[in-house]
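Enquirer: predicted model follows, preceded by the sequence.
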Amino acid sequence: MGVRLLHNHLRRDNYCFRLYHPGWIRSWIGGTELQSEKGGQEPAAAAIPALAFFLGDVADEDELVMHDGKGEVWPW
């Protein structure tokens, strides 16, 4: 919701916002190695589509939507 409020306030000044959810990444964020093995992909592999998303063109910067690592749009 914080990003939505920022978007609503700053978009008129030509700021753009992109929301991205990479999916479940293998990491130690869950606290144990066992949990890290449950993640869907390694951080380096997850960074490839994330970089493409953040550095690429978006059709409509006025619309705030969240994309995932598969290129799908998540509803609000």
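Expert: Sure thing, it's come through.
Enquirer: quick one: low-confidence parts of the chain?
Expert: 29-38, 59, 76 (pLDDT under 70).
Enquirer: helix, strand, or coil at the residue nearest in space to the middle of the chain?
Expert: Taking C-alpha atoms, centre = their mean, the centroid of the chain lies closest to residue 20, which sits 1.2 Å from it. Put simply, residue 20 is strand when judged by DSSP: H, G, I helix; E, B strand; the rest coil.
Enquirer: OK, contacts around it?
Expert: If you count contacts by C-beta atoms under 8 Å, 6 or more residues apart in numbering, residue 20 has them with 50, 53, 54, 66, 67, 68, 69. Where C-beta positions appear, they are placed from N, C-alpha and C, glycine not excepted.
Enquirer: can you say which of these are buried?
Expert: Among the contacts of residue 20, the ones that count as buried by 16 or more other C-beta atoms under 10 Å are 53, 67, 69.
Enquirer: can you spell out which residues form a bridge with the second one?
Expert: Right, residue 67. Residue 67 has these beta-bridge partners by DSSP bridges: residue 20, residue 73.
Enquirer: and it, how far is that from residue 10?
Expert: For residue 67, the distance to residue 10 (C-beta to C-beta, to the nearest Å) stands at 20 Å.
Enquirer: helices or strands up against the one helix or strand residue 52 maps to?
Expert: Assigned by DSSP states H and E, residue 52 belongs to helix 43-55. Under the contact criterion of 3 or more C-beta pairs under 8 Å, 6 or more residues apart in numbering; DSSP states H and E, helix 43-55 touches strand 19-21.
Enquirer: next, the buried residues of stretch 6-16.
Expert: Using 16+ other C-beta under 10 Å as the test for burial, stretch 6-16 gives residue 7.
Enquirer: how about the CA coordinates for it, as PDB?
Expert: The C-alpha trace of stretch 6-16 is given here as PDB (Å, rounded to 0.1, in the frame of the first residue of the first chain):
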ATOM      1  CA  LEU A   6       3.800   7.000  -3.400                       C
ATOM      2  CA  HIS A   7       2.700   6.200  -7.000                       C
ATOM      3  CA  ASN A   8      -0.500   8.200  -6.600                       C
ATOM      4  CA  HIS A   9       1.400  11.200  -5.200                       C
ATOM      5  CA  LEU A  10       4.600  11.200  -7.300                       C
ATOM      6  CA  ARG A  11       3.500   9.900 -10.700                       C
ATOM      7  CA  ARG A  12       2.300  13.400 -11.700                       C
ATOM      8  CA  ASP A  13       5.900  14.500 -11.300                       C
ATOM      9  CA  ASN A  14       7.000  11.800 -13.800                       C
ATOM     10  CA  TYR A  15       8.300   9.300 -11.200                       C
ATOM     11  CA  CYS A  16       7.700   5.700 -12.200                       C
END
